[in-house]
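Participant: Structure for the following, please:
(chains A and B)
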Amino acid sequence: MLRFVAVRLLQSVVTLALLSLVVFVLARTTGDPLHMILPMSATEEDYANARRYLGLDRPYVEQYLSFVGRAVTGDFGTSIRARRPVSELLRERLPNSLRLALFAMAVSLAMAFPLGVLAAVNKGTGVDRSAQIIAILGQSLPSFWIAIVLVEFVAGRWQWLPAGGIGGLSSYVLPGFTLGWFVVAGLMRLLRSGMLEVLDSEYVKLARLKGVAEVRVVWVHALKNALIPVVTFAGIYFSILVTTAIVVETVFAWPGLGRLAYDGITSRDFPVIQAVVLTTAAIVAVVNLGVDVLYAVIDPRIRYAR
Amino acid sequence: MRRWCRIGVLSVSLAVVTSIAGSPAWGQAKSELTVALSSFSAETLDPALQGHNVKYYLSLMFDYLVGTTPDGQPSQAGGLASKWEASADHKRWTFHLRKGVKFHTGEEMTSEDVKFSLQRAMGKRSTTGYAGPLRTLIQDIETPAPDRVVVVTKDPTLIIPTYLSRSLSTEGMVLPRKYIEANGDDVFARKPVGTGPYRFVEQVVGSHIKLAAVDGHWRTGTPKYKTITFKLVPEETTRIALLRRGEVDLADVSRERVKELQAEGFPVHLRKDEAILHMWWVLGPDGRVGPTKDKRVREALNVAIDRNEVAQSIFGGFAEPAAIPMGLSWSFRDVGFKPTPEMQYAYDPARAKKLLAEAGHGGGFPLDVYAFQLPGLAEGKAFAEAIAGYWEKIGVKPRLIPVDYPAFRKLWVDRKAPEAVGYYNIANRDWIGTFALLEKQAYTPSKLNDTVNDAEIDAMIAQVLRQTDRDKINALMRNIFTRLRSEHYGVPVVYIHSPYATAKTLPKWNPGSVMYDLFIDQLAASK
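Facilitator: Alright, predicted model coming up:
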């Protein structure tokens, strides 16, 4: 297991190194950040001064080496737009995104588990169809639309919950639900198909014959064995929720990583783009590794031996 | 049955969680003012690192050397200079400073701070709106006394007080020399210190900026609101929901939501003619190229547009037709210019077709129209599509190119898309602000941004730069506007009004007409 983890970590480092080069090059092909930070009235001299001050006049190789050299120590340079250290911006934003993603994942699991299990247990009935409709709606309705409808009615007109910004637990409900509902369909369908398969297996039949209560058969014996694909899916989606919740963060005025990335891209803020992409990649790598390790915990038959 | 009981328990639990909607996220007491804005621009708090569009919050933390009234007129009551005068040759401008004004650190503000601030604003690190012109203009800054500062210019000029006033960018903001020298630029940018009626409390980039009132401030007295929080809320639905919930007191809203909000009883304040929506043709490396080199083609493209329809259908009636290329209307009153009825572009597609035919382009010609979204202009792409539609009707073959603004700006200043059309919502401003715009966008020597390339206009702009007789300046400005219009150097479309909705409990407020400044300090003033 240790060897497996070590190899995966090494692969992640190589991936991050390659990615650093790709993002460095791609960010610079999108345009010049000075067109965003300098006023319309800026002269050629202003452009030259700003370029020099921001270190953008140095050769690309030098800029890249300097970026990589500092990035390994956690220093991603200074934001061209906000003129603050990027690591500081990440420290402010990443926890907000992680907390929102955790809440959203809790919402989606809280919805997907009962829906998936109920749908499987009541296969082909009205309960099954209703559960599937609820789940599919979350994926088929655009997040921005759900978010705006919730803000307009639940927050604005009925005034039940906060409309935006980070506050108490209540401020997580609408953005968390919007993000979480999207994931429900996938989780629920995986869980349903997994449960259907497991519920038909010999050991479940045996448990029933032995007189084990149906609740225990379904929620303990069957559910545990239907979890592996769900864990994979949830892991992948957790990374996505952390890093790409741009629409939800924008609608709910949530200062997270997604909006930081969006602002970085629209203002050609190279240091921010580079930092967000590398951080995102690192999160995906860590979560995937975590998921792999979790497999072994859920199913003791899985071992990562040589 | 038991299964359904569990579902019931789950639902109740969820309801309990969701009902922890106790206090709103941004709770507010009476002494707090919360402002929700769709954009904070760059969110830098150092005046030397941004231009106009950070003034919403910076003008509360810093005082300008020269104050202005909310309608943009110089005011001896609103700035750190209580009076100023020019030498006979208009090359020495003496500013008399208010005594006893203190920075938020408790340090007294002196002429050394003014000199330091101005030098910093003109420094190579500065990216403010007018750092370049000030560098060209100013020769020296003298401090003969702690309450007196003299700005010496290389050439006679009238424009120094305006450049250093609240009506323009951030160059006139006075900063604490000792604090910055002791702590460095980075610390200052994170914990800015000024002499304004509000001091900095905290900033969370992408979220909010919080300020606290300074007791007994010379300009406002002790402000009515103990704190002012600027919230960054990009989505309008959310801003309006926050307003309805009483979590914000003031928010920028779109033109299309105004009637709905007014019907609900929310006061909506309009900043009339806040910007001109203006289109222009990108020049080639050596000036104007292609069909639009012909004045008749430029006129045809102008008369092909139904400006009243644009104002009504795209801007919900909160816009007025514009007639003068780069004609910022707040400057008209300053220089005594009044567009005549003949100058208004009447919608006349038949005439447009005739003009094109006369110019030898009766069969039309391809024209690239770059369509991008601009901050504060949600209607940007719809506007570009509408204009392309009008031009299509007269036989021109517009090609809409969706792009983001930085990409277009690069093509524009690099002159890589000659004759393509771009547009901008240019903030309205007084005569000197307008002149500064013309000097960049209508003056051939400026190269980078020029969109006009006309020797006659170049000569007039050069004269304004050297002229110290205000009447002559006014005449020159009027002539520049007249020629811009008669030669159709651009497509002025509409002046747009910008709405701001406030809480029903907010007292009467004049958002003024200074670009990127809402004069919230006047709302908070107790004297």
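Participant: what comes up buried for stretch A:220-238?
Facilitator: A:221-223, A:225-228, A:230-238 (16 or more other CB atoms under 10 Å in any protein chain shown). To be clear about C-beta, it is placed using only N, CA and C from the backbone, and glycine gets the same treatment.
Participant: Let me know how buried residue A:280 is, in neighbour terms.
Facilitator: 21 (other CB atoms under 10 Å in any protein chain shown).
Participant: mind checking the end-to-end distance for stretch B:55-66?
Facilitator: 15 Å (CA to CA, to the nearest Å).
Participant: among the helices and strands of the chain, which one scores worst on average pLDDT?
Facilitator: Just so you know, I chose chain A. helix A:34-37 (a mean of 79; mean pLDDT, DSSP states H and E).
Participant: actually chain B
Facilitator: helix B:2-18 (a mean of 44).
Participant: Just after it, pick out the following helix or strand.
Facilitator: strand B:32-37 (DSSP states H and E).
Participant: what lines up beside that next one in the sheet?
Facilitator: Next to strand B:32-37 in the sheet, as set by DSSP bridges, lie strand B:227-232 (parallel), strand B:250-252 (parallel).
Participant: Can I get that strand as CSV, trimmed to CA atoms?
Facilitator: Provided in CSV are the C-alpha atoms of strand B:32-37 (Å, rounded to 0.1, in the frame of the first residue of the first chain):
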residue,chain,number,x,y,z
GLU,B,32,-24.0,50.7,9.2
LEU,B,33,-24.2,51.4,5.5
THR,B,34,-23.8,48.5,3.1
VAL,B,35,-23.2,49.1,-0.6
ALA,B,36,-23.4,46.2,-3.1
LEU,B,37,-21.6,46.8,-6.4
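Participant: Buried residues in it, which are they?
Facilitator: Quick answer for strand B:32-37 (16+ other CB under 10 Å): B:33, B:34, B:35, B:36, B:37.
Participant: Equivalent analysis for stretch B:486-495, please.
Facilitator: B:487, B:488, B:489, B:490, B:491, B:492, B:493, B:494, B:495.
Participant: The fourth one: what's it in contact with?
Facilitator: Same thing as residue B:490. Counting by CB atoms under 8 Å, 6 or more residues apart in numbering or on different chains, residue B:490 makes contact with B:278, B:279, B:280, B:281, B:325, B:326, B:451, B:452, B:484.
Participant: pLDDT wise, what is the fourth one at?
Facilitator: Among the per-residue scores, residue B:281 shows a pLDDT of 94.
Participant: residues contacting it?
Facilitator: Residue B:281 neighbours (CB under 8 Å, 6+ apart): B:288, B:292, B:298, B:419, B:420, B:421, B:451, B:490.
Participant: quick one: the closest residue to the second one other than its chain neighbours from residue B:349, how far?
Facilitator: It refers to residue B:292. Among residues not flanking residue B:292 along the chain, residue B:281 sits closest, at 4.9 Å (CB to CB, 6 or more residues apart in numbering or on different chains). Note on residue B:281: its distance to residue B:349, by CB to CB, to the nearest Å, is 20 Å.
Participant: picking up where we left off before, next SSE after the least confident helix or strand of chain A?
Facilitator: With DSSP H and E setting the assignment, the helix or strand that follows helix A:34-37 is helix A:44-53.
Participant: tell me the mean pLDDT over that next one?
Facilitator: 82.
Participant: How about the residues of the stretch 151-300 of chain A by chain B?
Facilitator: A:151-152, A:155-157, A:159-171, A:173, A:215, A:250-253, A:255, A:259-260, A:263, A:266-268 (CB under 8 Å from any CB of the partner chain).
Participant: quick one: low-confidence ranges for the chain?
Facilitator: Assuming you mean chain A. Applying pLDDT under 70 to chain A picks out residues A:40-41, A:301-306.
Participant: that's the other chain; I wanted chain B
Facilitator: B:1-30.
Participant: Can you get me a residue count around the closest residue to chain B within the stretch 201-306 of chain A?
Facilitator: The nearest approach of the stretch 201-306 of chain A to chain B comes at residue A:255, 3.8 Å away (CB to the nearest CB). Neighbour count of residue A:255, defined by other CB under 10 Å: 21.
Participant: I'd assumed residue A:166 was in contact with it.
Facilitator: Yes: contact status for residue A:255 versus residue A:166: in contact at 7.0 Å, counting by CB atoms under 8 Å.
Participant: So which of the buried residues of stretch A:220-238 belong to helices?
Facilitator: A:223, A:225, A:228, A:230, A:231, A:232, A:233, A:234, A:235, A:236, A:237, A:238 (DSSP state H).
Participant: tell me the contacts of the fifth one?
Facilitator: Contact criterion CB under 8 Å, 6+ apart gives A:291, A:294, A:295, A:298 as the residues in contact with residue A:231.
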